[in-house]
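*Asks:* Mind looking at a prediction? Sequence and model below.
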Amino acid sequence: MRIGGWERPWNLKGDRSVMGAPPSALWATDPAGFGQVGCVYTAQGFEYDWSGVILGPDLVWRGDRWVVDRTASKDPVFKKATPDDQVRRLILHTYKVLLTRGMIGTIVYSTDPETRAKLRELAVPAG
């Protein structure tokens, strides 16, 4: 995954360790997995002290509401035959799962400037 000059590898697929990176089932719990980016399929079922979630272009804030863009999703589960209302529900559920993994807190970033502004508005200062 790349955002500007920041880049991290996606977690491995499969049950084998590669070049010191843990297999997909362990990426989030093995210290060697630190620095990888995981997806909802490998994060669900886990809880972390802290988590980070990147909102991609598939969920953005526009004006007065959240907008889902199925064409911006990289998830291969959303086939063209999947109705828009189901894709919307699935994308929102995906982010709900990711946003609820952090037990102490979750850091949220959006790739979209308007969405980042909304997140800043919604953020409660720590303290």
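*Replies:* Happy to help now that I have it. Numbers count the residues shown, from 1 in each chain.
*Asks:* Following the chain onward from the lowest-mean-pLDDT helix or strand in the chain, which element is next?
*Replies:* Every helix and strand of the chain was ranked by mean pLDDT, DSSP states H and E. The lowest is helix 40-43, at a mean of 74. The element immediately downstream of helix 40-43 (helix or strand, assigned by DSSP states H and E) is strand 48-55.
*Asks:* Buried residues in that following strand, which are they?
*Replies:* For strand 48-55, the neighbour count (16 or more other CB atoms under 10 Å) marks 51, 53, 55 as buried. For the C-beta atoms, the positions are set from N, CA and C on the backbone; glycine is no exception.
*Asks:* go on, stretch 103-111?
*Replies:* Result for stretch 103-111 [16+ other CB under 10 Å]: buried residues 108, 110, 111.
*Asks:* closest to residue 4 among those?
*Replies:* For the buried residues of stretch 103-111, the minimum distance to residue 4 (CB to CB) is 9.1 Å, reached by residue 111.
*Asks:* Quick one: residues contacting that closest one.
*Replies:* Contact analysis of residue 111 by CB atoms under 8 Å, 6 or more residues apart in numbering lists 3, 54, 55, 56, 57.
*Asks:* doesn't residue 115 make contact with the last one?
*Replies:* Same thing as residue 57. No - when contacts are counted by CB atoms under 8 Å, residue 57 is not listed as touching residue 115 (9.0 Å).
*Asks:* So for those two, which residue has more residues nearby?
*Replies:* Using other CB atoms under 10 Å, the more surrounded residue of residue 57 and residue 115 is residue 115, with 21 against 14.
*Asks:* and the end-to-end length of stretch 108-115?
*Replies:* 11 Å (CA to CA, to the nearest Å).
*Asks:* quick one: residue 103 is in a strand?
*Replies:* Yes - according to DSSP: H, G, I helix; E, B strand; the rest coil, residue 103 belongs to a strand.
*Asks:* Hmm, residue 46 and it touching each other?
*Replies:* No - in this structure, residue 103 is not within contact of residue 46 by CB under 8 Å, at 10.4 Å.
*Asks:* Surely residue 21 and residue 36 touch.
*Replies:* Yes - contact criterion CB under 8 Å: residue 21 and residue 36 qualify, at 6.7 Å.
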